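Novice: Sequence first, then the predicted structure, then my questions.
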Amino acid sequence: MSATNPNLLEPNYATHPGELLAEWLEENQQTQADLAQRSGHAKKTINQLVKGIAPLNAAMALDLEKVTGVAASLWSNMEARYRQFKARQEERAHFAAACADDVARFSYKKMSDFGWLPATTDKTDRAGNLLHFFGVANFHQWSEVYGALEGAARESSSFKSELPDLSAWLRQGEIAAARIACAPFDEAVFRQNLTAIRALTAEPFSATTCPRVRELCAAAGIALVLVPELPGTHVSGFTRWLSPTKALIQQSLRHKRDDHLWFTFFHEAAHLLLHGKKEKFLEFQGRTDPKETEADVWSADFLIPPSEWRNFTQTVRKPYTDQALIEVARQLGVSPGVVAGRAQRETGAFNRYHSLFTRLELKAE
């Protein structure tokens, strides 16, 4: 198997056709000079062919077929396999020197721990595994392809993380989304299913919650994937259109708290409903943008209607008690964590209400 592609059968050796030719000469008690005379090729060419120096072209394969009785296709196939093998060997040697700095920029071991890449300490294998993971021929093409997806991060002075790890997180989302079969996007179905998903926030979070949300999204044309962040990326979500009829909502498992999970989900949903199909939205710590603010407001208002929240804040004295937040959550049909998160953000009381949040251990893609 190939170290760079676990699905590819790759031999670790190859025989040059010159070796077979040398065996034929010995078995038939002929010399290289004899073969040169019979085939019409120069003695030097035959000698270089036997030694594996000279390549064997199609015309020579046909000549050898006539002289030896061995099919031209066999000679040509041996030559092709050998040259490919040599090219792989040369590529490995080049990788070791040329790709070391590129490979070092990725958190390879963490990606391996997540199951995205095969475990190895060999730098050449790591380079090949990374290129196969990204589906590119070299690291220059990696930059060409994934630089556009990282554009939102580059635009922000608050973004401090390594772009290679961010691109790896984005790529894993693409791979996971490709495995999810979705109906063509339907805005009406999506809005209807968002109401059903909101109702799920009030239910105890279980192993079936995320699969149910994913099914409701897929029925409306959206692939929902959960991908853990790599160290230092500070990313929480990403939204883009994979095609005119299929969208992606990608969330990290960064905060592992129900209020963050739900707020981020509806924030990403807002981008799909409010903003254009050519846009990409990458959410990370410290990012500010008018469309991000618009998505924040939509998410907050969808989870807790403004009139309902205004009525609560005008009738209940601060600081809110845990029991008061539990009661309003019941009335609104959302989880206490969603209400507690709203209360924390608006009052600044981030040291309160921790018992109302549900800590999550989610299965990553």
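Specialist: Thanks, I have it. Source: prediction; values computed, not measured.

Novice: Show residues contacting stretch 204-218.
Specialist: Here stretch 204-218 makes contact (CB atoms under 8 Å, 6 or more residues apart in numbering) with 180-183, 190, 193, 196-197, 200, 203, 223-224, 226, 249, 258, 265, 335, 358, 360, 362-363. Backbone N, C-alpha and C define where each C-beta goes, glycine included.

Novice: now do 6 Å
Specialist: Stretch 204-218 is contacted from outside by I180, C182, N193, A196, I197, L224, D258, T358, using CB atoms under 6 Å, 6 or more residues apart in numbering.

Novice: any idea of the mean pLDDT in that stretch?
Specialist: Mean pLDDT, stretch 204-218: 94.

Novice: in it, what counts as buried?
Specialist: Applying a neighbour-count criterion of 16 or more other CB atoms under 10 Å, one finds F205, T209, C210, V213, R214, L216, C217, A218 buried in stretch 204-218.

Novice: just how off-centre is the helix or strand harbouring the fourth one within its chain?
Specialist: Take DSSP states H and E as the rule and V213 turns out to sit in helix 209-218. With CA atoms, centre = their mean, to the nearest Å as the basis, helix 209-218 stands 20 Å off its chain's centre.

Novice: Could you do stretch 193-201 as well?
Specialist: 27 Å.

Novice: quick one: the residue minimising distance to the centre of the chain from S252, how far?
Specialist: Nearest to the geometric centre of the chain sits Q172, at 1.8 Å (CA atoms, centre = their mean). From Q172 over to S252 the distance is 11 Å, taken as CB to CB, to the nearest Å.

Novice: Same check on S167?
Specialist: S167 is 14 Å from S252, by CB to CB.

Novice: and what of R179?
Specialist: In terms of CB to CB, R179 sits 18 Å off from S252.

Novice: Pick out whichever of the two has more residues nearby.
Specialist: Per other CB atoms under 10 Å, whichever of R179 and S252 has more neighbours is S252, with 25 against 9.

Novice: doesn't V235 make contact with that one?
Specialist: Yes - judged on CB atoms under 6 Å, S252 makes contact with V235 at a distance of 5.4 Å.
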